[in-house]
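Participant: Using only what follows, build the 3D model:
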Amino acid sequence: MPSSRTPLSTLTGVALIVLPLLAWALKLFSFGWMMVFILFGPILLLIAGYVLQIVVAAQGFLSKRELFRAAKPRATVAAWVTSLGVLALGVFMPDGGDMDYGSTFQVWAGAYGPNSEAVHAATDALNSVVATGAALLWIAGFVWLLVEWIAALIRRRRAARPAG
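Facilitator: Purely as a prediction, here's the structure:
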């Protein structure tokens, strides 16, 4: 049986695994109370979702055994939407500590420096819009990818059943 794995499939599978970790790493530049609440709140849900995403990456994009078949283009788009959405959220999610706040993007723009008020005035609205859009893309892409994965598993199971 020829391999269904292409360079794009491999890259997509690796992105599903690596980009969420990169998003967390980028978020560390602006670690604050929001991250503390996440660590003591929905962290188990996030870990479960990440493990599920690794399974989807392994079965759908990194395996030599074809899973998505005709749905591969849709699944690939869904995978990139969720991966890039979570990465953008890691950069643009506002957070803060006891004295200052901002996203990683705002930290890079100088939000914790001497001109922090001017930086916030110039970037708060943009930051909020991008963070909200990124969160919506991340969740929508993840749900879409799960639907494609479940449908592909059902199709594969039906195809493996003997006719009768």
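Participant: what pairs with the lowest-mean-pLDDT helix or strand in the chain, and is each one parallel or antiparallel?
Facilitator: Each helix and strand of the chain was given a mean pLDDT (mean pLDDT, DSSP states H and E); the minimum falls on strand 95-96 at a mean of 78. For strand 95-96, the pairing partners within the sheet under DSSP bridges are strand 101-102 (antiparallel).
Participant: Please enumerate residues in contact with the strand it pairs with?
Facilitator: Residues outside strand 101-102 that contact it (Cβ atoms under 8 Å, 6 or more residues apart in numbering) are 30, 32, 94-96, 111-112, 116, 119-120, 127. No exception for glycine: its C-beta is placed from N, CA and C like everyone else's.
Participant: Recalculate using a threshold of 6 Å.
Facilitator: By Cβ atoms under 6 Å, 6 or more residues apart in numbering, the surrounding residues in contact with strand 101-102 are 30, 111.
Participant: which residues in the protein form helices?
Facilitator: For the chain, the helices defined by DSSP state H cover 7-27, 33-40, 43-56, 72-92, 104-109, 116-160.
Participant: can you pull the buried residues of the fourth one?
Facilitator: Residues 72, 75-76, 78-92 are the ones in helix 72-92 that count as buried (16 or more other Cβ atoms under 10 Å).
Participant: For residue 64, find the nearest of the helices of the chain.
Facilitator: helix 7-27 (10.0 Å; Cβ to Cβ).
Participant: how far off helix 43-56 does that closest one point, in degrees?
Facilitator: Relative orientation of helix 7-27 versus helix 43-56 (axes from the mean of the first three to the mean of the last three Cα atoms, to 10 degrees): 160 degrees.
Participant: Can you give the distance of helix 7-27 from its chain's centre?
Facilitator: 8 Å (Cα atoms, centre = their mean, to the nearest Å).
Participant: could you say what helices and strands that helix packs with?
Facilitator: Other elements packing on helix 7-27 under the criterion 3 or more Cβ pairs under 6 Å, 6 or more residues apart in numbering; DSSP states H and E are helix 43-56, helix 72-92.
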